[in-house]
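A.B. asks: Compute the structure for the input listed below.
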Amino acid sequence: MPCEIPNQQLLRLFVYGTLKRGYWNHQRFCAQARSIEQAVVWGRLYHLHAGFPAIEVPEGLILARGSVDPLADARRQQEIGTPCFGRPTGDWNLIHGELVTFTDPQRDLPPIDRLEGFRPGGHSMYQRVMVAVLCGRTSIPAWTYWIPCPPYAERVASGQWLRP
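C.D. replies: Numbering: from 1, shown residues only. I've put the predicted structure just below:
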C-alpha cells in the first residue's frame, strides 16, 4: 500500500488546493511524485480572496515545523511513527485533499516551499508543518502548508476546495 512505504528519502505532503491533480500547479510541482492518494486532515479550510485556498490546523495537532533542510524534514517525518488521528476539540472539519509522496526531497520540496512563500526563520506566507493525515485507514505524519487565522478569507464548510 503506497501510504506505508518506510524509507528515509521519502517525503509526504498533504495538498488540498492548487497542487492537487487537475489543478494548475499539479503538473509543474507534483509530476515527479511516487504516489498520490486521497487523504484527510483536521482543520479549517478557507478560500482566500486572492483565488486559492488555505487551511488552519489546530496548534495542538502540529507534530513538527518545517526547516530549510528537506532531508532532515524527511527524516523527522520517519521518526514520528504512527500519530494519533483523533478529533480535536472545537470547530474543526475534515479537510479533503491528497497525500503526495516524493522520493527526492532535495529536488521536490524547495520549489514547493518557494511557491507557498515558506521561508523558515523569515517572513512566510504559509508555514509548513507536520500533522497526522488519514490515508485509507492509516494515520501517517505528513507535511502541509497552513496559515493561522487567514485574513481576507471565506471559510469552506464542506472541507473540500473546488476550482473557482
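
A.B. asks: List of residues touching stretch 118-128?
C.D. replies: For stretch 118-128, the external contacting residues (Cβ atoms under 8 Å, 6 or more residues apart in numbering) are 54, 65-68, 73, 113, 116-117, 143-148. All C-beta spots, glycine's among them, are computed from the backbone N, C-alpha and C.

A.B. asks: one more time with 7 Å, if that's ok
C.D. replies: Residues outside stretch 118-128 that contact it (Cβ atoms under 7 Å, 6 or more residues apart in numbering): 65, 66, 67, 68, 113, 116, 117, 143, 145, 146, 147.

A.B. asks: now the third one: how far from residue 130?
C.D. replies: In this structure, residue 67 lies at 11 Å from residue 130, with Cβ to Cβ, to the nearest Å as the measure.

A.B. asks: Read off the pLDDT value for the closest residue to residue 81 other than its chain neighbours.
C.D. replies: Excluding its sequence neighbours, the residue lying closest to residue 81 (Cβ to Cβ, 6 or more residues apart in numbering) is residue 141, at 7.8 Å. pLDDT for residue 141: 96.

A.B. asks: Residue 141 contacts residue 78, correct?
C.D. replies: No: contact status for residue 141 versus residue 78: not in contact, 8.5 Å apart, counting by Cβ atoms under 7 Å.

A.B. asks: in this protein, what spans have low per-residue confidence?
C.D. replies: 1-8, 163-164 (pLDDT under 70).

A.B. asks: Show me where it has its helices.
C.D. replies: Secondary structure of the chain (DSSP state H): helices at 26-30, 70-80, 105-115.
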